[in-house]
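S.K.: next one to model:
(one chain, ligands or ions: 2)
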Amino acid sequence: MYKIEYLFSQKKVSCYFDAEFSDIQELLTDQQIVIITDEVLYTHYEKEIKKFPVIKFAAGEAHKNQSIVDYIIEELIKLGAHKNTFLIGLGGGVVTDITGYIAAVYMRGLSFGLVPTTVLAMVDAAIGGKNGIDVGVYKNMIGTIRQPEFIFYDYNFLETLPTKEWVNGFAEIIKHACIKDAVMFSDLEKYTFHQYKTDRKLIAELIEKNVLIKSQIVAEDEFEKEERKFLNFGHTIGHAIENLYGIPHGHAVSIGMVAACNLSEKLNNFSQDATARIIRLLTAYHLPINMEFDHQKFFEILKMDKKCMNNGVHFILLKSIGHAQIKFISLSDLENNIKETI
Ligand SMILES: NC(=O)c1ccc[n+]([C@@H]2O[C@H](COP(=O)([O-])OP(=O)(O)OC[C@H]3O[C@@H](n4cnc5c(N)ncnc54)[C@H](O)[C@@H]3O)[C@@H](O)[C@H]2O)c1
Ligand SMILES: [Zn+2]
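M.R.: Ligands and ions are numbered 1, 2, ... in the order given. From the prediction side, this is the model:
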């Protein structure tokens, strides 16, 4: 186990890599600990987890809502949780988002640590302090920004991760490569999905590189004035189709990235060859690149996006692979171009 610290405005967050869950004891003081997790993880890892008091809820995005938050808060009260209680969110992005949110609001704030167990949570959801819940079809409508004390990387958890969740995680990894790291993009072209899935050293290096990319972007722009917005590459369109059709997040982001590449060709001189390279890479990692959808419903949802204002949206386009740019695009321009691009 080794530690890298990232400095954010509110606090220093320690990332422990190559760790084993049993070593987590070393990080904890004699505070009361409560683990928040989902039922799938509890079933797989009951033996390791149940050394601590556990609050668990049904897995999946459908449960990232206020009623689960109410339930967890009631359970915390039953356990006698107080201002000094330390929460540990062990799971995918749903668990890490909910844990961060509860830690921000329960008794006006508790300390917490995260143990991400999906590729997506390891490279994305657990990093950066954003947390929250959905309201109906509107994703992450309510939430705060609050950094954990630590993020704990035990790659053993990935052994039980279903292939489709690996695929979802790679959508965010490819996103990081597109916006920030042309060398990592080439690495992803060089190796295969299967190699990353089966070679522990290779996946560890890739995850750590992605933690660095996201942490640096967030540290430079924690409250999303400029560069943090790059992380939304593929997400404006992605979120809308994800909400509309309930397809997996990574799939939606992949389709959104291809649409954003097409827009980048039209509006930002992005090369056709680069779009073709991105499409090839997404396909190699088993991600979809297009789908049919209902334009009218799509734009109704898009208009409700938190990022949509003044009848337009700050859209993330690419200049070249590894370099992103923000451009304000009016909804009508988007409507005209997207008709032709997805
Ligand atoms: N806060 C942020 O900055 C941020 C960034 C990206 C995504 N997110 C959020 O993350 C969520 C998606 O995260 P996710 O893709 O990790 O989904 P998830 O938490 O729903 O996990 C996916 C599925 O995998 C299961 N699972 C998790 N780890 C496992 C393991 N090791 N072995 C077996 N099964 C396992 C879960 O039980 C679940 O069924 C979304 O709600 C999204 O909004 C947040
Ligand atoms: Zn995402």
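
S.K.: hey, let's count contacts and neighbours off CA atoms from now on
M.R.: Fine.

S.K.: mind giving me the domain split of the protein?
M.R.: 2-160, 163-341 (automatic domain parsing).

S.K.: ok, V94 touching A58?
M.R.: No. V94 is beyond contact range of A58, at 10.5 Å (criterion: CA atoms under 8 Å).

S.K.: returning to that earlier point: can you say which of the domains of the chain is nearest to ligand 1?
M.R.: Comparing the domains of the chain by their distance to ligand 1 (CA to the nearest ligand atom), the top pick is domain 2-160, with 3.1 Å.

S.K.: quick check: end-to-end length of the closest one?
M.R.: End-to-end distance for domain 2-160: 23 Å, by CA to CA, to the nearest Å.

S.K.: the domains of the chain into CSV, with extra columns for mean pLDDT and mean neighbour count?
M.R.: Converted to CSV, those look like this (pLDDT from 0 to 100; neighbours: other CA atoms under 10 Å):
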stretch, mean pLDDT, mean neighbour count
domain 2-160, 95, 18
domain 163-341, 92, 18
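
S.K.: redo these as JSON lines? Include distance to ligand 1.
M.R.: Rendered in JSON lines, the data for those read as follows (distance: least, CA to the nearest ligand atom, whole Å):
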{"stretch": "domain 2-160", "distance to ligand 1": "3"}
{"stretch": "domain 163-341", "distance to ligand 1": "6"}
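
S.K.: now V105: how far from E335?
M.R.: As for V105, its distance to E335 is 39 Å (criterion: CA to CA).

S.K.: and K56, what element?
M.R.: Secondary-structure element containing K56, defined by DSSP states H and E: strand 54-57.

S.K.: check which element follows that strand along the chain.
M.R.: The element immediately downstream of strand 54-57 (helix or strand, assigned by DSSP H and E) is helix 66-78.

S.K.: in its sheet, what does the helix or strand following that next one sit against?
M.R.: Per DSSP H and E, helix 66-78 leads on to strand 86-91 as the next helix or strand towards the C-terminus. Strand 86-91 sits in its sheet next to strand 33-38 (parallel), strand 111-116 (parallel), going by DSSP bridges.

S.K.: including distance to I179, could these go into JSON lines?
M.R.: Supplementary listing: the strands paired with strand 86-91 in JSON lines, determined by distance: least, CA to CA, whole Å:
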{"stretch": "strand 33-38", "distance to I179": "32"}
{"stretch": "strand 111-116", "distance to I179": "23"}
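
S.K.: how about those, which one is nearest V123?
M.R.: Closest to V123 of those is strand 111-116 (CA to CA; 8.9 Å).

S.K.: pull the residues that contact that closest one.
M.R.: By CA atoms under 8 Å, 6 or more residues apart in numbering, the list of residues contacting strand 111-116 from outside reads 84-93, 96, 99-100, 103, 122, 126, 148-154.

S.K.: for stretch 278-290, same thing?
M.R.: By CA under 8 Å, 6+ apart, the list of residues contacting stretch 278-290 from outside reads 167, 170-171, 174, 188-189, 192-193, 250-251, 254-255, 258, 342.
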